[in-house]
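Engineer: Sequence plus the predicted model coming up.
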Amino acid sequence: MSNSIHRADLSQAWSLSYADIEFLSGLPVSMRLEAAVQLKFICLAGYFTSSWEGVSDEALSYLRAQLDCPDTECLHRALLQYSSSGCSTPLPA
């Protein structure tokens, strides 16, 4: 996804509904931003992202503002890759 997103596109693509915010507010603060990214990414692309690198800084800032997350909150958790055996392992960096 482009790192230079027009403001109208940003609000259309990354706005959270009241129901989204209510759901996300029930999660631990440390998980809210990442869950919001996955929630909106699946709406945009039809699948969960396998890399945080595809999410623009503008989209993250926009989500942080909607969730009242501090600017220091970032996407830090390693994404997991699920194998056919049901075990999960971190994706390679």
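Structural biologist: Sure, I can see it. Numbers count the residues shown, from 1 in each chain.
Engineer: what ranges do the strands span in this structure?
Structural biologist: For the chain, the strands defined by DSSP state E cover 80-82, 88-90.
Engineer: weakest of those by average pLDDT?
Structural biologist: Lowest mean pLDDT of the strands of the chain: strand 88-90, a mean of 44.
Engineer: What count of nearby residues applies to residue 43?
Structural biologist: Using other CB atoms under 10 Å, residue 43 has 11 neighbouring residues. All C-beta atoms are positioned from the backbone trio N, CA, C, and that covers glycine.
Engineer: quick one: the most centrally placed residue in the chain and residue 10, what's the gap?
Structural biologist: In the chain, the C-alpha closest to the average C-alpha coordinate belongs to residue 37, at a distance of 1.2 Å (CA atoms, centre = their mean). Look at residue 37 and residue 10: by CB to CB, to the nearest Å, they are 14 Å apart.
Engineer: Please enumerate the shared neighbours of these two.
Structural biologist: In terms of CB atoms under 8 Å, 6 or more residues apart in numbering, residue 37 and residue 10 are both contacted by the residues residue 59.
Engineer: Could you pull up the residues touching residue 14?
Structural biologist: Contacts of residue 14 (CB under 8 Å, 6+ apart): 40, 59, 62, 63.
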